[in-house]
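K.L.:
Here is the input, now give the coordinates:
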Amino acid sequence: MTGIQHLQKVVVGIIIFLTICLCCVESQFPRVCTTEASFRTKSCCPLWKDKSPCGSLSGRGRCRSWITKQKIPQHDDDRLDWPRHYYDYTCECYGNYSGFDCGDCKFGYHGEKCDRKKMIIRREIRELSVVEQKRLFSYLALAKTTKSQDFVVLSTGDRHHRETYRFVDASLYDVFAWMHYYSMKPVMINSTFDPNKNYAHQGPAFPGWHRLGLLFLERQMQLMTGDEDFAIPYYDWRGEKNCSICTDELMGSNDAQGVLNPYSHFSFWKAICSGFNFPDEYCPLADAEYKMERLHRRPGTTPYAPNLPTFEDVENALKLKDFDTPPFNETSLRSFRNSLEGFLAPDGITLKRSLHNLVHIYLGGTMSQIPISGNDPIFILHHGFIDKIFDTWISRHNGSPETYPENNELGQGPDDCCTPYFPCYKNKDLIRKSTEFGYEYSPFHQKRPLGWKSLQ
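P.N.:
Alright, predicted model coming up:
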């Protein structure tokens, strides 16, 4: 019996929902802040081990007021103006301390005082040894079956009615998948939904939001396993004629209907928030695993994306000097962000599916259902490579927080906090070299056309 098969048998993946009074606010993320007292005081400043809010007595942070922040008028979306819509007070951490209670360290730092800097290397999944690959899959299985102790997810029957809101237990990996789903639900303004607006896509926040998502999952898996060296791998799909990692030894093969082979590592996985994708609900069946869809994948079967992007596609996108351009959405031209996201061809002038979006569509199944695509672990490998391209652009064009443009896209301004992360991470602060977050990428030397260089 393999380690993963053993985990399947001995870990009970039961999700228990919390019944919580929701008389004051609509949703929240840290478990410790989903109490009646937190809602009543509109405060998410948990006590640290020194029994002070945000570890203030130990100099870790302070309880910050958001009351002076200018309220955005005429909106009723619970995610906009994060975290003001939820709480008037949250932790602001000092120095290298981080976390919703300042009890953790900034990315790349470890130790009780967060004074030990550590750099990890994210490698291409095919660079990993067999032992390293098995470790990765066992860690993912553990993340999928282990209830998160620190976080809960929001489930609603109707976003217009607070009495339908409740917080639900979920596994660590499902929390990660839920965060992507949650940020992608249509923006609600004056009780009307705009399907073309969300907080993680179709705007300048796209690369940074997904970078932060990978950092969150990577850090939580390090804490879960006690393995500080754990690094999320990436999948370099440039120029491939098919999905070479869609094998049972790696990410899983599938039949003609898209069902994963029962002998693959992820055949038992189900997708949280699947099945009912309505704009007026948040993950209504988050605690009903038996109603969730199994992962599906159908690489190369859609006529809209018969091929994966090429080496030339990536290199041409990297030549675009402007991080983003007006109107800062899916119609932006000569925009590196829009080309990387995949609404703009790498030539910078043709609006068509490319890069990030093209890979999602090519892989099909769960990955092609973008809101729930984070449920398929191939998502993190794909976005690892998207982040590597982003990091390459930052190095080549001296990208920095000052590069992030002023814009009017909801929740995507340079000083807006990424939704739904704690503490506040400003969108502009994600445009930094990966080494500032404690990781770097290996130069994967796969077979490639003569003259092409590895992304560095």
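
K.L.:
hey, where'd the helices end up in the stretch 101-250 of the chain?
P.N.:
Using DSSP state H, counting those that start in this stretch, the helices assigned to the stretch 101-250 of the chain run over residues 130-145, 172-184, 206-225.

K.L.:
now the strands for the stretch 301-450 of the chain?
P.N.:
Under the criterion DSSP state E, counting those that start in this stretch, the stretch 301-450 of the chain carries strands at the ranges 439-441.

K.L.:
Okay, now the unreliable bits of it?
P.N.:
Under the criterion of pLDDT under 70, the regions of the stretch 301-450 of the chain flagged as low confidence span 445-450.

K.L.:
what does the stretch 1-150 of the chain give?
P.N.:
Low-confidence segments of the stretch 1-150 of the chain, defined by pLDDT under 70, span residues 1-28, 68-75.

K.L.:
Could you do the stretch 151-300 of the chain as well?
P.N.:
Per-residue confidence for the stretch 151-300 of the chain (pLDDT under 70) gives no ranges below the cut-off.

K.L.:
can you give me the strands in it?
P.N.:
Counting by DSSP E, counting those that start in this stretch, the stretch 151-300 of the chain has strands at residues 153-155, 166-168, 187-189, 192-194, 270-271, 293-294.

K.L.:
for these, which one ends up most surrounded?
P.N.:
Neighbour counts (mean count of other Cβ atoms under 10 Å) averaged over each of those peak at strand 153-155, with a mean of 25. To be clear about C-beta, it is placed using only N, CA and C from the backbone, and glycine gets the same treatment.

K.L.:
on that earlier part again, could the strands of the stretch 151-300 of the chain go into a markdown table alongside distance to Asp78?
P.N.:
As requested, the strands of the stretch 151-300 of the chain are arranged in a markdown table below (distance: least, Cβ to Cβ, whole Å):
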| stretch | distance to Asp78 |
| --- | --- |
| strand 153-155 | 8 |
| strand 166-168 | 13 |
| strand 187-189 | 8 |
| strand 192-194 | 13 |
| strand 270-271 | 23 |
| strand 293-294 | 26 |
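
K.L.:
just to revisit the earlier point, so for Asp115, which of the helices of the stretch 101-250 of the chain sits nearest?
P.N.:
Comparison of the helices of the stretch 101-250 of the chain against Asp115 by Cβ to Cβ identifies helix 206-225 as nearest, at 16.9 Å.

K.L.:
pull the CA atoms of the closest one into PDB?
P.N.:
As requested, the backbone C-alpha atoms of helix 206-225 are provided in PDB (Å, rounded to 0.1, in the frame of the first residue of the first chain):
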ATOM      1  CA  PHE A 206      -3.800  39.300 -11.600                       C
ATOM      2  CA  PRO A 207      -0.100  38.300 -11.300                       C
ATOM      3  CA  GLY A 208       0.300  39.500  -7.700                       C
ATOM      4  CA  TRP A 209      -2.900  38.000  -6.400                       C
ATOM      5  CA  HIS A 210      -1.900  34.600  -7.700                       C
ATOM      6  CA  ARG A 211       1.700  35.000  -6.400                       C
ATOM      7  CA  LEU A 212       0.300  35.600  -3.000                       C
ATOM      8  CA  GLY A 213      -2.000  32.600  -3.300                       C
ATOM      9  CA  LEU A 214       1.000  30.300  -4.000                       C
ATOM     10  CA  LEU A 215       2.900  31.900  -1.100                       C
ATOM     11  CA  PHE A 216       0.000  31.300   1.200                       C
ATOM     12  CA  LEU A 217      -0.400  27.600   0.300                       C
ATOM     13  CA  GLU A 218       3.400  27.000   0.300                       C
ATOM     14  CA  ARG A 219       3.800  28.500   3.800                       C
ATOM     15  CA  GLN A 220       0.800  26.600   5.200                       C
ATOM     16  CA  MET A 221       2.100  23.300   3.900                       C
ATOM     17  CA  GLN A 222       5.500  24.100   5.400                       C
ATOM     18  CA  LEU A 223       3.900  24.700   8.800                       C
ATOM     19  CA  MET A 224       1.600  21.600   8.400                       C
ATOM     20  CA  THR A 225       4.500  19.200   7.600                       C
END
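
K.L.:
what comes up buried for stretch 367-380?
P.N.:
When neighbours are counted by 16 or more other Cβ atoms under 10 Å, the buried residues of stretch 367-380 are found to be 367-380.

K.L.:
how many other residues sit next to Tyr421?
P.N.:
Tyr421 is flanked by 19 other residues according to other Cβ atoms under 10 Å.

K.L.:
wait, Thr34
P.N.:
The tally of other residues near Thr34 (other Cβ under 10 Å) stands at 22.

K.L.:
Please report how far the residue lying closest to Pro401 once chain neighbours are set aside lies from Asn242.
P.N.:
Nearest residue to Pro401, sequence neighbours excluded (Cβ to Cβ, 6 or more residues apart in numbering): Lys428, at 4.1 Å. Remark: distance between Lys428 and Asn242 (Cβ to Cβ, to the nearest Å) = 38 Å.

K.L.:
With Ser183 instead?
P.N.:
Using Cβ to Cβ, one gets 31 Å for the distance from Ser183 to Asn242.

K.L.:
Looking at these two, which has the bigger crowd around it?
P.N.:
Remark: of Ser183 and Asn242, Ser183 carries more neighbours, 23 against 11, as counted by other Cβ under 10 Å.

K.L.:
give the contact list for that one.
P.N.:
With contacts taken as Cβ atoms under 8 Å, 6 or more residues apart in numbering, Ser183 has the following neighbours: Arg79, Asn198, Tyr199, Ala200, Trp209, Thr419, Pro420.
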